[in-house]
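Enquirer: Sequence and predicted structure, then a few things I'm wondering about:
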Amino acid sequence: DLVWYSEVDKLNSIHRVKQLKDLAKLIEDVPLQVEVSGRVGSETPIRCKYSDSIGVVIVEWAIKNFMRKVEVKEDNDVNTKKNGNDVHKCSHCTHQHEHKCSNCMQQHKCSHCMRHCGNHCQNCNSCHTSDNCKQNVKYRWVRDSEYMRSTSRQVPWYLDDGTGRVRVVGARDASGFCFTEGSRVYEDQSGGTEDIQMLGLTRKENILPIGEPLTVIGEAVKDGSGAVRIQRPLSGGFFYVSENNSVDTLIEVSQGSVRFFKYASIGVGVVGVVCLAIFAIDCIQDILERRRRRRRESQNRVLSPAAVERSDQENRGATGEPKMECVICFGEEYNTVFIPCGHICCCLTCSSELTDCPLCRRRIEQIVRTYRH
């Protein structure tokens with residue numbers, strides 16, 4: 001955000017020059033960043049080669065158009081591996097046979113048609129197509145083009161708003177600079193090679209025409225003769241050339257970027273705070289759960305001996321002997337033992353109704369009656 005705010009501040013510090021005649025009064029000895037507008041003009045304009053358009057900067061491009069032959073691979077020609085050899089279908093009799101190329105010092109013929117079936121060897125990565133099998137390779141022609149070269153011509157030029165002129169230097173390297181297409185011609189050509197067939201040349205001219213309205217943001221300085229020119233700032237400021245955009249437009253774009261990054265940073269900050277809060281809540285809950293668990297364990301250690309003693313007292317009668325009541329009906333004495341767990345806790349009547357031991361939940365395989373002496 002600080003970077004974008006800095007750009008907005010720099011743009012706000014640029015002087016808007018309404019009339020070019022006032023530019024010389026603004027600068028004396030110190031260079032100044034300004035915004036000027038006017039129409040392109042030149043004392044010695046240049047003309048396009050292939051049209052009547054005139055301008056101050058002309059870039060000519062030569063584009064070569066041609067047809068290129070590319071190989072079309074078919075599924076029937078794809079080899080598969082079998083026992084270290086190339087296995088494919090013979091193109092003459094469609095029978096599968098193992099094949100080794102001549103580069104591998106071996107070459108097999110199909111046992112059905114006894115003819116060579118050339119293919120690309122997967123073992124030595126070389127092609128061993130014979131004359132009989134060249135008909136299997138298919139090609140198609142694809143249209144293509146490439147830029148060959150470019151030439152540029154340029155003459156000194158200026159901006160004129162009717163009240164004055166100011167020379168512009170190095171505008172092609174400025175941000176936002178763009179050309180207008182001046183002309184485009186096509187020249188037929190023939191010839192080529194086995195894999196490439198020439199179609200022709202397209203010659204295109206891009207031009208900065210005379211009379212084009214431009215807005216230039218740059219550094220205004222005086223040269224040795226006292227004339228004012230606009231150039232790239234030596235201190236690394238803005239150098240911008242455009243047909244429509246002005247400083248105010250650039251400020252709006254920069255402010256929009258500032259707002260976007262501001263809201264984005266706020267959103268990221270909110271998400272970060274929420275994530276930290278969730279993490280902190282989870283940590284606090286874990287700490288509280290561990291404390292509760294330790295408290296319960298401590299209470300259990302303290303209360304366990306007292307509970308055992310109280311249980312023993314309850315199980316003893318008035319005579320001090322342990323009670324022998326059935327844990328199911330609490331009316332009869334327990335007098336059976338469960339096999340195989342060995343627990344004695346139920347009377348014979350209740351035991352006959354059980355399938356699992358009420359104490360350990362093991363399955364009862366046998367019930368044995370016990371007697372007291």
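Expert: Okay, I see it.
Enquirer: Tell me the secondary structure of residue 44, please.
Expert: coil (DSSP: H, G, I helix; E, B strand; the rest coil).
Enquirer: quick one: contacts for it?
Expert: Applying Cβ atoms under 8 Å, 6 or more residues apart in numbering to residue 44 gives the contacts 155-156. Where C-beta positions appear, they are placed from N, C-alpha and C, glycine not excepted.
Enquirer: Going by residue numbers, what spans are helices in the stretch 201-350 of the chain?
Expert: Counting by DSSP state H, counting those that start in this stretch, the stretch 201-350 of the chain has helices at residues 247-315, 348-351.
Enquirer: ok, of those helices, where does mean pLDDT dip lowest?
Expert: Confidence, taken as mean pLDDT, is least for helix 247-315 of the helices of the stretch 201-350 of the chain (a mean of 76).
Enquirer: Identify the residues contacting residue 365.
Expert: If you count contacts by Cβ under 8 Å, 6+ apart, then residue 365 has 339-340 around it.
Enquirer: Apologies, that question was intended for residue 198.
Expert: Contacts of residue 198 (Cβ under 8 Å, 6+ apart): 64-66, 189-192.
Enquirer: Drop anything exposed from these.
Expert: 64-66 (16 or more other Cβ atoms under 10 Å).
Enquirer: before we move on, back to that, can you redo the contacts of residue 198 as JSON lines with secondary structure, pLDDT and distance to residue 183?
Expert: Shown next, in JSON lines, are the contacts of residue 198 (DSSP: H, G, I helix; E, B strand; the rest coil; pLDDT from 0 to 100; distance: Cβ to Cβ, whole Å):
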{"residue": "64", "secondary structure": "strand", "pLDDT": "89", "distance to residue 183": "18"}
{"residue": "65", "secondary structure": "strand", "pLDDT": "89", "distance to residue 183": "17"}
{"residue": "66", "secondary structure": "strand", "pLDDT": "90", "distance to residue 183": "22"}
{"residue": "189", "secondary structure": "coil", "pLDDT": "81", "distance to residue 183": "19"}
{"residue": "190", "secondary structure": "coil", "pLDDT": "81", "distance to residue 183": "24"}
{"residue": "191", "secondary structure": "coil", "pLDDT": "82", "distance to residue 183": "25"}
{"residue": "192", "secondary structure": "strand", "pLDDT": "79", "distance to residue 183": "27"}
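Enquirer: May I see the buried ones among the contacts of residue 198 organised as JSON lines, with distance to residue 36 added?
Expert: Formatted as JSON lines, the buried ones among the contacts of residue 198 follow (distance: Cβ to Cβ, whole Å):
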{"residue": "64", "distance to residue 36": "41"}
{"residue": "65", "distance to residue 36": "42"}
{"residue": "66", "distance to residue 36": "46"}
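Enquirer: on that earlier part again, go through the contacts of residue 198 and name the one nearest residue 217.
Expert: residue 64 (38.3 Å; Cβ to Cβ).
Enquirer: so what's that closest one bridging to?
Expert: Counting by DSSP bridges, residue 64 forms beta bridges with residue 146, residue 201.
Enquirer: isn't it right next to residue 148, touching?
Expert: Yes: under the criterion of Cβ atoms under 8 Å, residue 64 makes contact with residue 148 at 5.2 Å.
Enquirer: Which neighbours do these two have in common?
Expert: residue 201.
Enquirer: So for stretch 164-180, what gets flagged as buried?
Expert: Quick answer for stretch 164-180 (16+ other Cβ under 10 Å): 164-166, 168, 171, 174, 176-177, 179.
Enquirer: Check stretch 276-285 too.
Expert: Applying 16+ other Cβ under 10 Å to stretch 276-285 flags no residue as buried.
Enquirer: Show me the contact partners of that stretch.
Expert: Against stretch 276-285 from outside (Cβ under 8 Å, 6+ apart): no residues.
Enquirer: ok, residues contacting stretch 333-345?
Expert: With Cβ under 8 Å, 6+ apart, stretch 333-345 has contacts from 324-327, 346-348, 351, 357-360, 362, 364-372.
Enquirer: Show me which of the buried residues of stretch 164-180 is closest to residue 139.
Expert: Distances from residue 139 to these, taken by Cβ to Cβ, are shortest for residue 179, at 39.0 Å.
Enquirer: Spatially, what comes nearest to that closest one if we skip its sequence neighbours?
Expert: Nearest residue to residue 179, sequence neighbours excluded (Cβ to Cβ, 6 or more residues apart in numbering): residue 206, at 3.5 Å.
Enquirer: Look up how far residue 350 lies from the one you found.
Expert: Computed as Cβ to Cβ, to the nearest Å, the residue 206 to residue 350 distance reads 106 Å.
Enquirer: Give the rounded mean pLDDT of stretch 364-373.
Expert: On average, stretch 364-373 scores 83.
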